[in-house]
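Peer 1: Below are the sequence and a predicted model for it; my questions follow.
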Amino acid sequence: MIDFFLEKIANDQYNRVVIAYEPVWAIGTGKVATPQQAQEVHKHLRKFIEQNANAEIAKNIRIIYGGSVSGSNCKELAQQPDIDGFLVGGASLKPEFEQICKSRQD
């Protein structure tokens with residue numbers, strides 16, 4: 001499905017694009033992908049963009065992870081090279097949200 005959008009976006013517009021990935025099985029379940037699972041999908045998305053747009057766009061596009069991100073799993077997820085941030089749901093209403101926000105700073 002992402003290939004449809006790639007056809008509609010000019011190369012000079014990608015700096016305004018953010019792709020959010022959340023596994024279908026994680027939606028509303030409280031389950032989170034392992035950092036390795038999430039990284040694998042993000043890497044695949046980046047490779048697809050490289051093959052269908054170009055390497056610079058693939059390198060610079062923001063791909064964020066959503067799927068039960070919490071204070072207890074954000075640090076390990078944030079360490080993955082192709083995860084650029086998070087799409088936070090319910091945890092955004094909890095005190096741990098600050099920890100999630102700061103997880104990429106360390």
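Peer 2: Cool, got the structure.
Peer 1: Show me what the longest helix along the chain is packed up against.
Peer 2: For the chain, the helix with the greatest residue count under DSSP state H is helix 35-52. Here helix 35-52 touches helix 2-8, strand 18-21, helix 55-60, strand 62-66, helix 74-78, going by 3 or more CB pairs under 8 Å, 6 or more residues apart in numbering; DSSP states H and E. Just so you know, the C-beta spots here come from the backbone N, C-alpha and C atoms, and that holds for glycine as well.
Peer 1: export these to a markdown table and tack on mean pLDDT, distance to Gly30 and mean neighbour count?
Peer 2: Compiled in a markdown table, the helices and strands packed on helix 35-52 are given as follows (pLDDT from 0 to 100; distance: least, CB to CB, whole Å; neighbours: other CB atoms under 10 Å):
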| stretch | mean pLDDT | distance to Gly30 | mean neighbour count |
| --- | --- | --- | --- |
| helix 2-8 | 75 | 26 | 9 |
| strand 18-21 | 94 | 17 | 14 |
| helix 55-60 | 94 | 32 | 14 |
| strand 62-66 | 96 | 13 | 20 |
| helix 74-78 | 96 | 15 | 19 |
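Peer 1: His42 is nearest to which of those?
Peer 2: Closest of the helices and strands packed on helix 35-52 to His42 is strand 62-66, at 5.0 Å (criterion: CB to CB).
Peer 1: Summarise which helices and strands the closest one is packed against.
Peer 2: Using 3+ CB pairs under 8 Å, 6+ apart, strand 62-66 sits against strand 18-21, helix 35-52, strand 86-87.
Peer 1: Can you say which of these is packed in most?
Peer 2: Mean neighbour count (mean count of other CB atoms under 10 Å) peaks for strand 86-87 among the helices and strands packed on strand 62-66, with a mean of 19.
Peer 1: which other residues reach it?
Peer 2: Residues outside strand 86-87 that contact it (CB atoms under 8 Å, 6 or more residues apart in numbering): Ala20, Glu22, Ile64, Tyr65, Gly66, Val69, Cys74, Leu77, Ala78, Ile100, Ser103.
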